[in-house]
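Novice: Everything below, folded, please.
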Amino acid sequence: MSQVAGPSPAAEGPAARESGTQALDRALSVLLAFRSGGVERKVSDVSRELGLHKSTASRLFRALADTGFLQRNEETGAYRLGVTVFELGACFLEGLDMHALARPLLHQLAQDEGESVNLSIRDELDALSIYIERGTRNVQLVSRLGRRIPLWCSAAGKALLHDLDDEQIRAMFADTQFTPLTPNTITDLDTFAKRMHQVREQGWALNDEESEEGLRVVAAPVRDRLGQVTAAISISGPIFRLDETRVAELAAAAVRTANELSRQLGHGVGAVWGD
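Specialist: Residues are numbered from 1 along each chain as shown. Just a heads-up that it's a prediction; the model follows:
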């Protein structure tokens, strides 16, 4: 009696698994390529950027479009991020109690001060923007949701590192190249370590045209119920409005709001939580 042959061992072996992993890695690389380079990307541009054969990149783009991760512009043939990415991002934000608690506080802060307000978290060596409130003044310098700025040239980034001592700072950035974004960007570890000492002393951080010319930003750390810095609230505006006096006022406002959000997250009420 004949038997139906099952899959050969080779089909389930390391080579097959490696091939599947490679395809997954390539697909994820395609998605990550959308973090920079504009809203829409062409297959040819991404394939060249990632070192992929164009036919391979085309297959990856089509597969990602079939699952909603990408959406094709039929007029230009270029792709943009699809609704599945938004859905996953929404799930991520829903999991952050901080995000829901922060919204009314940041809205009120933007209304009171008239400048744009940002909530950021740390991701590796970047400050990642996860919520933005526009201010009410005529000229607004608004960050982009999801924008990443290196920690060393970001007010939010410095605030996120508030609790690290000099030794921890030097260990974290020992192999980092401080690439200048403006003439004011910190470009060496010694200067950055001194700046972080100042941040720890005053309780808030300043970005004085370090990431973008014409822009000043102040930021304060947000703590969770365990007292750990988990986010940063920043206020940004053009330098012609943010002189030394105004910077001090905005810094105080950022600290007040960050402290209130920290309180709502349980910071300072450890006994209630059983800590």
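Novice: Return the list of helices and strands in contact with the strand or helix carrying residue 84.
Specialist: Per DSSP states H and E, residue 84 falls inside helix 83-94. Applying 3 or more Cβ pairs under 8 Å, 6 or more residues apart in numbering; DSSP states H and E, one finds that helix 83-94 contacts no other helix or strand. In short, each C-beta sits where N, CA and C put it, glycine included.
Novice: how does it look with 10 Å?
Specialist: Under the contact criterion of 3 or more Cβ pairs under 10 Å, 6 or more residues apart in numbering; DSSP states H and E, helix 83-94 touches helix 54-66, strand 70-72, helix 97-113, strand 126-133.
Novice: Residue 88 is in contact with residue 67, correct?
Specialist: No. In this structure, residue 67 is not within contact of residue 88 by Cβ atoms under 10 Å, at 11.3 Å.
Novice: For residue 63, list the residues it contacts.
Specialist: By Cβ atoms under 10 Å, 6 or more residues apart in numbering, the contact list for residue 63 reads 23, 27, 30, 69, 70.
Novice: Mind telling me what element residue 47 is part of?
Specialist: According to DSSP H and E, residue 47 maps onto helix 43-50.
Novice: Check the average confidence over that helix, would you?
Specialist: Summarised as a single mean, pLDDT over helix 43-50 is 90.
Novice: orientation of that helix relative to helix 54-66 in degrees?
Specialist: Relative orientation of helix 43-50 versus helix 54-66 (axes from the mean of the first three to the mean of the last three Cα atoms, to 10 degrees): 110 degrees.
Novice: Tell me where the stretch 151-275 of the chain has helices.
Specialist: 155-160, 166-172, 189-202, 244-264, 270-273 (DSSP state H, counting those that start in this stretch).
Novice: Give me the distance from the helix holding residue 47 to the chain's centre.
Specialist: Computed by Cα atoms, centre = their mean, to the nearest Å, the separation of helix 43-50 from the middle of its chain amounts to 24 Å.
Novice: same for that helix, what does it pack against?
Specialist: helix 14-32, helix 54-66.
Novice: again, only using 7 Å
Specialist: Packing partners of helix 43-50 (3 or more Cβ pairs under 7 Å, 6 or more residues apart in numbering; DSSP states H and E): helix 54-66.
Novice: Look up how far residue 263 lies from the residue nearest the centre of the chain.
Specialist: For the chain, residue 128 is the residue whose C-alpha lies nearest the centre (Cα atoms, centre = their mean; 1.4 Å). From residue 128 across to residue 263, the span is 24 Å (Cβ to Cβ, to the nearest Å).
Novice: go on, residue 161?
Specialist: For residue 161, the distance to residue 263 equals 22 Å [Cβ to Cβ].
Novice: Identify the residue nearest residue 49 in space, chain neighbours excluded?
Specialist: residue 33 (6.1 Å; Cβ to Cβ, 6 or more residues apart in numbering).
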